[in-house]
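Novice: Everything below, folded, please.
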Amino acid sequence: MKITQKTTLGDLLKEAERINEPRFFKTLQKHKVPCLFCPMAEFEMKKLEIGRVCKMYGLDFKKIREELEEVVLKNQKGRKLKRFSAANNKKLK
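Specialist: Got it, this is the predicted structure:
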């Protein structure tokens, strides 16, 4: 997933669910992205862009993006390694 300033919080949360990676959500929490817990934001998740949220609350978008992309990359590498290991185990049997 490529994360830009226009990426919505809804899309970020969908990605966290898709890859089933708790570190993704924890990264947003670590940077105190407030909209995750705001009851009113729940209705606007599809519209709230991470770049605007960062600007409104003085958060470092570049740092958040880098950490989220790192989590996604590590997750992808982990999945490839698991698939490779599983394939090799089948060959050995």
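Novice: State the helix or strand in which the spatially most central residue of the chain lies.
Specialist: A centroid search over the chain (Cα atoms, centre = their mean) returns Phe24, at 4.2 Å, as the residue closest to the centre. Using DSSP states H and E, Phe24 falls within helix 22-30.
Novice: Off-centre distance for that helix?
Specialist: In terms of Cα atoms, centre = their mean, to the nearest Å, the centre of helix 22-30 is set 7 Å apart from its chain centre.
Novice: Stretch 32-49 too?
Specialist: 15 Å.
Novice: all helices for this protein, in order.
Specialist: Assigned by DSSP state H, the chain shows helices spanning 9-19, 22-30, 50-57, 61-92.
Novice: Run the angle between the shortest one and helix 22-30 for me.
Specialist: For helix 50-57 against helix 22-30, the angle by axes from the mean of the first three to the mean of the last three Cα atoms, to 10 degrees is 30 degrees.
Novice: okay, the angle between helix 50-57 and helix 9-19?
Specialist: Using the same axes, to 10 degrees: helix 50-57 against helix 9-19 is 120 degrees.
Novice: Could you name the helices and strands sitting against helix 50-57?
Specialist: helix 9-19, helix 61-92 (3 or more Cβ pairs under 8 Å, 6 or more residues apart in numbering; DSSP states H and E). For the C-beta atoms, the positions are set from N, CA and C on the backbone; glycine is no exception.
Novice: I'd like to know which of those has the weakest mean confidence.
Specialist: Sorting the helices and strands packed on helix 50-57 by mean pLDDT places helix 61-92 lowest, at a mean of 71.
Novice: ok, and the closest non-adjacent residue to Ile3?
Specialist: Arg65 (4.8 Å; Cβ to Cβ, 6 or more residues apart in numbering).
Novice: and if you look at Ile19?
Specialist: In space, Ile19 is closest to Asn75, 4.9 Å off (Cβ to Cβ, 6+ apart).
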